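J.: coords below, sequence missing:
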């Protein structure tokens, strides 16, 4: 009898909940532009009730709802996402460029974490960690077998806590432990240097909150070193994008005032916009961050380096400078992420990142699933490409949205799949023969082949263009 009453109680509860849900949804539907699918939403509520009552073990109601929201959003496209408390915190760290950790830029080598560069002034920098050092242990955990994300999470933590890194320094052929106290780190998203007299290299790794201010400071410093610059290489390789206003500002630094940088178009009114090279489009706090730049920036010869890893905001910059014929774009066809994501905060600790528009270059080209085709094609090295075929592009991602301008890239493009398989087999064969695949030189180094070709272009010297890379044409859609 008790069991029957318990079941009856759940059924009654479900009926009441359904009635309340219906009344609330009807109210929402009346105030929205389009009616909500009430039958389907009631079915969702019914499934929730059945899982809650019939599943083999007790389930967390909040987790069920969170998973349902996450699944609904993930089914839209690869870039829409529901942020729970943890992921929203990580997202904000990514856009602000601030996090708590030791302060190193890292890569992977032979299954170990390789220090690409310690961030100047960081705890790792003060502890004497050097570029090229290999991290073999993080506290008591061996790094071998960890992914880069797993290693990063172990090195991050709360401020003022300690972490012990075991370092192997090849040049000295020794291992030693280093104890580092974590603190808040501000990532430098802009790097710059004079490559040789008259020619500068300016790299943007990501478009974050402080990117424009850092860009202005670095570029101004380059002009102080040489007021008569003959050419600049703007390096956007492997730049995954970031904040839209940062892309507009950096484009505006090189373009005439009021030149169109990018436009967006979507379903809602706020997604239909045109962004121009003026402070109204990029200045956050009223004052123009570009006002300190010397006038020569507007006319200095400019080359922009891109590759398959250049996405979103970096594609906006490349597309704007290409359309206005302000720069020569060199490298490889870019990633093709031409969609706009808007973050809607749902609570103090959760949010929804949802695709709301597409990007269009000044001439009206959609970047989505297409990318920017360079003016001059370059290989990664003088010997050819090593990892280019392995890098996925937007068109390779499942559920990517179309660009709305004719034939679309197929997610299963036969040529790309074949090239990726051949590249993977080549690397596997090298590993099987106990050969470590040759790593690419560090961007900005003396061995950086694309940078050397960009400098040749600026100087009017011959450029070693790629003999194999061509534009990835979309496949024609066939109907039966």
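T.: Yep, it's here. Everything quoted here is computed from the prediction, not taken from an experiment. Residues are numbered from 1 along each chain as shown.
J.: Now do the strands in the stretch 151-300 of the chain.
T.: 162-169, 174-181, 183-186, 190-196, 199-204, 231-235, 260-266, 273-276 (DSSP state E, counting those that start in this stretch).
J.: Give me the helices and strands touching the longest strand along the chain, please.
T.: Identified as the longest strand of the chain according to DSSP state E is strand 350-360. Judged by 3 or more C-beta pairs under 8 Å, 6 or more residues apart in numbering; DSSP states H and E, strand 350-360 is in contact with strand 81-83, helix 85-96, strand 260-266, helix 313-323, strand 339-347. For the C-beta atoms, the positions are set from N, CA and C on the backbone; glycine is no exception.
J.: try 6 Å
T.: For strand 350-360, the packing partners by 3 or more C-beta pairs under 6 Å, 6 or more residues apart in numbering; DSSP states H and E come out as strand 81-83, strand 260-266, strand 339-347.
J.: and the next helix or strand after it, how far from the chain's centre?
T.: Where DSSP states H and E defines the elements, the next helix or strand beyond strand 350-360 is strand 376-377. Centroid separation between strand 376-377 and its chain, computed with C-alpha atoms, centre = their mean, to the nearest Å, is 23 Å.
J.: Residues contacting strand 376-377, please?
T.: 330, 465-466, 469 (C-beta atoms under 6 Å, 6 or more residues apart in numbering).
J.: which one of these has the most neighbours?
T.: residue 330 (23 neighbours; other C-beta atoms under 10 Å).
J.: That residue is in what secondary structure piece?
T.: Here residue 330 is assigned to strand 328-331, by DSSP H and E.
J.: That strand - contacts with which helices or strands?
T.: strand 302-306.
J.: again, only this time at 10 Å
T.: strand 231-235, strand 302-306, helix 313-323, strand 376-377, helix 449-459 (3 or more C-beta pairs under 10 Å, 6 or more residues apart in numbering; DSSP states H and E).
J.: do you know which of these lies nearest residue 422?
T.: strand 376-377 (19.0 Å; C-beta to C-beta).
J.: Start and end of stretch 120-136, how far apart?
T.: Start-to-end span of stretch 120-136 (C-alpha to C-alpha, to the nearest Å) is 22 Å.
J.: for the record, mean pLDDT for it?
T.: Taken as a whole, stretch 120-136 has an average pLDDT of 89.
J.: same check, this time on stretch 350-358
T.: 95.
J.: Of all the residues in that stretch, which ones are buried?
T.: 351-358 (16 or more other C-beta atoms under 10 Å).
J.: Distance from that stretch to the middle of the chain?
T.: How far stretch 350-358 lies from its chain's middle: 15 Å, per C-alpha atoms, centre = their mean.
J.: circling back to that earlier point, for the contacts of strand 376-377, which one is nearest residue 217?
T.: Taking the contacts of strand 376-377 together and measuring to residue 217 by C-beta to C-beta, the closest member is residue 330, at 25.6 Å.
J.: Relative to residue 91, how far out is that closest one?
T.: Distance of residue 330 to residue 91, computed by C-beta to C-beta, to the nearest Å: 32 Å.
J.: could you dump the helices and strands packed on strand 350-360 to JSON lines with mean neighbour count, distance to residue 75 and mean pLDDT?
T.: Shown next, in JSON lines, are the helices and strands packed on strand 350-360 (neighbours: other C-beta atoms under 10 Å; distance: least, C-beta to C-beta, whole Å; pLDDT from 0 to 100):
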{"stretch": "strand 81-83", "mean neighbour count": "21", "distance to residue 75": "11", "mean pLDDT": "94"}
{"stretch": "strand 260-266", "mean neighbour count": "21", "distance to residue 75": "19", "mean pLDDT": "97"}
{"stretch": "strand 339-347", "mean neighbour count": "15", "distance to residue 75": "15", "mean pLDDT": "93"}
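J.: Nearest residue to residue 200 in space, please, no chain neighbours.
T.: Leaving aside its sequence neighbours, residue 200 sits nearest to residue 222 (C-beta to C-beta, 6 or more residues apart in numbering; 4.6 Å).
J.: what's the burial count for the one you found?
T.: Counted with other C-beta under 10 Å, residue 222 comes out at 22.
J.: my read: it touches residue 192, true?
T.: Yes - at 5.8 Å, residue 222 and residue 192 qualify as touching, with contact defined as C-beta atoms under 10 Å.
J.: Per-residue pLDDT of residue 7, please?
T.: 28.
J.: quick thing: my sequence starts at 2, can you match it?
T.: Okay, using 2 as the starting number, the last item reads as residue 8.
J.: Next secondary structure after the helix-or-strand element of the chain with minimal mean pLDDT?
T.: The helix or strand of the chain with the poorest confidence is helix 3-32; it has a mean of 31 (mean pLDDT, DSSP states H and E). Heading C-terminal from helix 3-32, the first helix or strand you meet, by DSSP H and E, is helix 39-55.
J.: list the helices and strands that next one packs on?
T.: helix 3-32, helix 62-75.
J.: Poorly predicted segments of this protein, please.
T.: 2-35, 407-422, 424-439, 473-481 (pLDDT under 70).
J.: Find the residue at the geometric middle of it.
T.: Residue closest to the average C-alpha location in the chain (C-alpha atoms, centre = their mean): residue 241, at 2.9 Å.
J.: Enumerate every residue touching it.
T.: Residues near residue 241 by C-beta atoms under 10 Å, 6 or more residues apart in numbering: 95, 206-208, 310-315, 336, 338.
J.: The residues you listed into TSV, with extra columns for distance to residue 217 and neighbour count?
T.: Shown next, in TSV, are the contacts of residue 241 (distance: C-beta to C-beta, whole Å; neighbours: other C-beta atoms under 10 Å):
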residue	distance to residue 217	neighbour count
95	22	15
206	16	22
207	16	21
208	14	30
310	25	19
311	21	31
312	23	24
313	21	27
314	17	28
315	18	33
336	26	31
338	26	26
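J.: CSV for those, including distance to residue 61?
T.: Listed next are the contacts of residue 241 as CSV, based on distance: C-beta to C-beta, whole Å:
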residue, distance to residue 61
95, 27
206, 39
207, 35
208, 37
310, 38
311, 41
312, 36
313, 35
314, 37
315, 40
336, 37
338, 34
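J.: and which of those residues is nearest residue 111?
T.: residue 310 (22.0 Å).
J.: so what's that closest one up against?
T.: Contacts of residue 310 (C-beta under 10 Å, 6+ apart): 237-241, 333, 335-336, 388-389, 392-394.
J.: how far away is it from residue 354?
T.: Counting by C-beta to C-beta, the gap from residue 310 to residue 354 is 21 Å.
J.: so residue 154 touches residue 101, yeah?
T.: No - contact between residue 154 and residue 101 fails when scored by C-beta under 10 Å: they sit 11.7 Å apart.
J.: And this structure, split by domain according to the record?
T.: Using automatic domain parsing, the domain parsing of the chain gives 12-60, 99-187, 191-460.
J.: most tightly surrounded among those domains?
T.: domain 191-460 (a mean of 19; mean count of other C-beta atoms under 10 Å).
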